[in-house]
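Undergrad: have a look; sequence and predicted model below, questions after that.
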Amino acid sequence: MNFREINPSPRMLMCPGPVEADPRVLRAMSAHILGQFDPEFTSLMEETQEMLRLVFQTKNTQTFVVDSTSRGGLETVLTGAICPGDKVLIPAFGRFGYLLAEILERCNADVTLIETEWGTVFAPEQIEEELKKKSYKAVACIHGETSTSMMQPLDEVGKICKRHGALLIVDTVATLGGAEVKVDEWNIDACIAGTQKCISAPSGSALISYNRAIEEIILSRKKVEKGIRTVEDIDGKLPQIPSNYLDLAQLQDYWSPRHLNHHTEATSMQYAIHEALRCVLMESLEERFLRHKLNDKALCAGLKAMGISIFGDLENKMPVVTAIEIPEGIDGKVLRYEMLNDFGIEVATSFGPLDGKVIRIGNMGYSSQKRNILFTLGALEAILLKNNVKISAGDGVAAALQVYCSANGN
């Protein structure tokens, strides 16, 4: 039998995730495997936690990594913090708000879903109005909704939740490392992110942080499995967390000085996360956010100069994802295929009511580079012209370049 060597075609990943991993991250993954309880490795785990606190902008002790994709991180936190029957409010403004509801309904939470048109976000007053109607255990929401390219402002939402005694649990999968996320200042009780977007590591791990209020719930649901428990492990009084693998109480102990032998850590992914976070902090959060904003500004300027409409409420558009309305005269699937096949550039379609109507362009992490923006605009223009779509030829790249020149004072 003759099987293929792993030798993927080079791609420019300009979709909303996964994005290109920083080469330094890929190099780190090739390092020697250490045992999960080797002092060298546990020291790296502690450094990862410290760096994560800086990136999440929090002082939460419980800040660590879950060996799962970002969806697994969402499920870990939600099924740990929310008990059967708990009332949870979910303001959904795209696909992933519905995902939060799906996860919580499966663990028998009492979910109330409020919705707004895709391409918009919620005014804080809309959320507060719903919180006035009944007592909620928590509000669970998305920060950056990649399906629509919208970003929900959270500074007022956290204050509102605190005023009404509701926990705030936030999905920052698409924004952490690319846009401002202030866990403590915004009164976020639990925050979940992933590695494959603005953090610029491979997919496969989730990044979480939660405060003492969430921790108390987790400890009240704790039940260490029989084979590894000690006489000091006392069962909590609330219902046990339904998943063993995603048991936040045991994962919390795993990342504590106790290092409970719950599972075998994904060593190479820990190297990747450690290096990715180090790269984020070396650049500095401030510079990183400015880079994403500049590249977003250049991309949008180029698209508008070509005559392409940007979807949604632009005041609340994410700086790391741009949804464009597919021009008349070309099918979205054709556009996406030709971008990939002819130029090696991957962009994305969307879901639900936006399926077939928009193309989403990512501007995330290591993929957020001047050359990537210019190449993407040039490729998009060439494909639209090839398919006889009427655009302003030559203006897109020129407009983006002007943004970069202006930023450099030229």
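TA: Here it is on my side, so go on. Bear in mind the structure is a predicted one, so any value in this text is a computation, not a measurement.
Undergrad: may I have stretch 250-260 exported as PDB, CA atoms only?
TA: Only the C-alpha atoms of stretch 250-260 are listed here, as PDB (Å, rounded to 0.1, in the frame of the first residue of the first chain):
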ATOM      1  CA  GLN A 250     -11.800  17.900  38.000                       C
ATOM      2  CA  LEU A 251     -10.200  20.000  35.300                       C
ATOM      3  CA  GLN A 252      -9.800  22.800  37.800                       C
ATOM      4  CA  ASP A 253      -7.900  20.300  40.100                       C
ATOM      5  CA  TYR A 254      -5.800  19.200  37.100                       C
ATOM      6  CA  TRP A 255      -4.600  22.700  36.600                       C
ATOM      7  CA  SER A 256      -4.100  23.400  40.300                       C
ATOM      8  CA  PRO A 257      -0.900  22.500  42.200                       C
ATOM      9  CA  ARG A 258      -2.600  19.200  43.000                       C
ATOM     10  CA  HIS A 259      -2.400  18.200  39.300                       C
ATOM     11  CA  LEU A 260      -5.200  15.600  39.600                       C
END
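Undergrad: contacts for it?
TA: When contacts are defined by C-beta atoms under 8 Å, 6 or more residues apart in numbering, stretch 250-260 is touched by residues 37, 42, 45, 49, 62, 64-66, 76, 215, 218, 222, 224-225, 228, 244, 261-263. Where you see a C-beta, it was placed from the backbone N, CA and C, and this is true even at glycine.
Undergrad: let's see the pLDDT reported for I228.
TA: pLDDT recorded at I228 is 92.
Undergrad: once you drop chain neighbours, what's closest to it?
TA: With C-beta to C-beta, 6 or more residues apart in numbering as the criterion, I228 has its nearest non-adjacent residue at 5.6 Å, and that residue is N261.
Undergrad: how close does I324 get to T120?
TA: Plainly put, I324 is 17 Å away from T120 if you go by C-beta to C-beta, to the nearest Å.
Undergrad: tell me which of the two has more neighbours.
TA: Between I324 and T120, counted using other C-beta atoms under 10 Å, the more crowded position is I324 (24 against 16).
Undergrad: just how off-centre is the helix or strand hosting the more buried one within its chain?
TA: In this assignment (DSSP states H and E), I324 forms part of strand 321-325. Strand 321-325 sits 17 Å away from the centroid of its parent chain (C-alpha atoms, centre = their mean, to the nearest Å).
Undergrad: contacts for it, please.
TA: Strand 321-325 is contacted from outside by 16, 119, 144, 146, 148-149, 174, 296, 299-300, 303, 308-312, 350, 354, 357-364, using C-beta under 8 Å, 6+ apart.
Undergrad: what do you get for stretch 228-245?
TA: Contacts of stretch 228-245 (C-beta under 8 Å, 6+ apart): 68, 75-76, 79-80, 83-84, 107, 217-225, 247-250, 260-263.
Undergrad: what about the residue nearest to I228, neighbour count?
TA: N261 has 13 neighbouring residues, counting by other C-beta under 10 Å.
Undergrad: thinking again about what came up before, next step: the contacts of stretch 250-260 restricted to strands.
TA: Applying DSSP state E to the contacts of stretch 250-260, the entries found in strands are Q62, F64, V65, V66.
Undergrad: residues near Y245, how many?
TA: Using other C-beta under 10 Å, the number of residues around Y245 comes to 14.
Undergrad: over to N341?
TA: 10.
Undergrad: okay, and it sits in which element?
TA: helix 332-343.
Undergrad: who does that helix touch, helix- and strand-wise?
TA: In terms of contacts (3 or more C-beta pairs under 8 Å, 6 or more residues apart in numbering; DSSP states H and E), helix 332-343 is packed against strand 345-346, strand 358-362, helix 370-386.
Undergrad: dump those to TSV, plus distance to A21.
TA: As requested, the helices and strands packed on helix 332-343 are exported to TSV (distance: least, C-beta to C-beta, whole Å):
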stretch	distance to A21
strand 345-346	14
strand 358-362	14
helix 370-386	14
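Undergrad: quick one: closest of these to V111.
TA: strand 358-362 (26.9 Å; C-beta to C-beta).
Undergrad: quick one: buried residues of stretch 216-230?
TA: I217, I218, R221, K222, K223, V224 (16 or more other C-beta atoms under 10 Å).
Undergrad: in helices only, show me these.
TA: Among these, the members found in helices (DSSP state H) are I217, I218.
Undergrad: nearest to E286 among the buried residues of stretch 216-230?
TA: I218 (32.9 Å).
Undergrad: from Q252, how far off is the closest one?
TA: Counting by C-beta to C-beta, the separation of I218 from Q252 is 6 Å.
Undergrad: what about the helices in this structure?
TA: 23-29, 39-56, 70-81, 95-106, 124-131, 155-163, 212-220, 248-254, 267-283, 285-306, 332-343, 370-386, 395-407.
Undergrad: contacts for the second one next, please.
TA: In other words, helix 39-56. Contact partners of helix 39-56, identified using C-beta under 8 Å, 6+ apart, comprise 34-36, 59-60, 63-65, 176-177, 181, 183, 191, 193, 199, 207, 209, 255, 259, 265, 267, 270-271, 273-274, 277-278, 280-281, 285.
Undergrad: thinking again about what came up before, hmm, who's touching the helix holding N341?
TA: Here helix 332-343 makes contact (C-beta under 8 Å, 6+ apart) with 11-12, 326, 345-349, 356-359, 375, 379-380, 382-384, 386-387.
Undergrad: can you list the buried residues in it?
TA: Quick answer for helix 332-343 (16+ other C-beta under 10 Å): G332, L335, R336, E338, M339, L340, F343.
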